[in-house]
Structure formats: C-alpha cells, structure tokens
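Colleague: After the sequence you'll find the predicted model.
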Amino acid sequence: MNSHYKEIIGSLLSAIGTIQAAIGSTSQFHLNENQSYLFRLVGNTLQALGSALSADGQGTVSFEKLGDELQATGNSTVIAGILLYGTSDEETEQNLIITGTWIQALGSFVGVADEFFDSTEDGRLENITGNLLQGIGNSLQAIGGIEALQGSNSEQEQIGVAGSWVQAAGSVISLIGQIQEESEEIRLNINE
C-alpha cells in the first residue's frame, strides 16, 4: 500500500476509534457495562492500529512518526488496562489506562512540533489544531482518571468524558488535515 494512503487510512481508523471510545465512555448513551467495555476496547484498538499504520506510512524519521508511535504505544497501554478489567485490582487497571492516556497526549503534542518543520502547507492548520485538541482531550481523560482514583463522583467522570469528546473532535480535524497534506505531497511527488 502506498505510504500516503497508509497515513490517510491510519488517520481514518484513529478518528473512528476515538469516536467509538468516546461513545463507550459516555454514560448518557445508556450502554450496559458490557457494551461500554466493548466500545472502549474496540475504539482503543482501532486507534492503536491507526497510529501504527500512520507511523509506518512516514517516509522519513520525524516528530510526526515519533508522535504516531507514542500514540500507538499509549493506546496499547490503555488496551492492557481495559483487558485486565475484573481480573486484577481496579487501581492497577486504572493506572495503566491513565499512563496510556498520558503517553497518547505526549504523542499528540510531539506531532504538533512536526508541523512546524513540514515542507507542505496544506492541512498544516488542521493538523496543528487537531493534534492540540487530541493532546488536551487525552490530558483531561488522564486527569479525570486520577481524580476518580481519589474518590469517584459524577463530576470527575464528566472530565474524562469531555476529554474523550475533545480528543474525538481533534482526531476528525486531524483526519481532514492529513487528507489535505497527503494530497499535496502526492501532487508534489514527495513523501514525508
């Protein structure tokens, strides 16, 4: 598969995954516990796969590639926490999810740095905005998880839910930017 299409498909999978995970985290959708679990598990799996595919599509070593690799690692860590659900103590599960979410945030912020060195102009603003929103959303999710460990209430849950939707919005904006960037790279016959 062409590297440009790997990055676009990777961004698409990540966007679908963030939306799916956000739905699974939102109690207002009235999902039962198993449905919520599956939405979050499949959503994070799609995000990890999407980030890994995007990293593989990078033509050169870059901050964007490193950011995608960090996001894939973060999602994999979240997946480990989700898979442990019910098999270990809740604190261990939650700590893995929080750690993975912080790693995802770091990956998003590293990805922002790449845009300032990118030779293509198309999609730059969208990629910067999208990555910033994803990093902020992941940070809110991690903060919500930390606060939930210290004493659960609905306000702390809402911080994490808001973070999930901020991340989802950022991933959709990043998808738009990635399509624009890859289209310009195809026109200019470059691979970054």
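Modeller: Arrived safely, thanks for sending.
Colleague: elements contacting the helix or strand harbouring Leu106?
Modeller: Assigned by DSSP states H and E, Leu106 falls within helix 90-115. Judged by 3 or more Cβ pairs under 8 Å, 6 or more residues apart in numbering; DSSP states H and E, helix 90-115 is in contact with helix 63-83, helix 124-150. Every residue, glycine included, has its C-beta placed from N, CA and C.
Colleague: Would you mind finding the most buried of those helices?
Modeller: Mean neighbour count (mean count of other Cβ atoms under 10 Å) peaks for helix 63-83 among the helices and strands packed on helix 90-115, with a mean of 22.
Colleague: Next, the buried residues of the helix or strand encompassing Ala162.
Modeller: Taking DSSP H and E as the criterion, Ala162 maps to helix 154-188. By 16 or more other Cβ atoms under 10 Å, the buried positions in helix 154-188 come out as 156-157, 159-182, 184-185.
Colleague: Next, the angle from it to helix 90-115.
Modeller: If you take axes from the mean of the first three to the mean of the last three Cα atoms, to 10 degrees, helix 154-188 sits at 30 degrees to helix 90-115.
Colleague: if we can go back for a sec, now do the helix holding Leu106, average pLDDT.
Modeller: What helix 90-115 shows for mean pLDDT is 94.
Colleague: Tell me who's in contact with His4.
Modeller: Gly57, Glu182, Glu185, Ile186, Asn191 (Cβ atoms under 8 Å, 6 or more residues apart in numbering).
Colleague: Isn't the first one up against Lys6?
Modeller: This points to Gly57. Yes. Look at Gly57 against Lys6 with Cβ atoms under 8 Å: they come within range, at 3.1 Å.
Colleague: Now for this protein, the helix or strand with the poorest mean pLDDT.
Modeller: Least confident helix or strand of the chain, by mean pLDDT, DSSP states H and E, is helix 154-188 with a mean of 92.
Colleague: counting contacts, what elements does that one pack onto?
Modeller: The contact analysis (3+ Cβ pairs under 8 Å, 6+ apart) places helix 154-188 against helix 3-25, helix 124-150.
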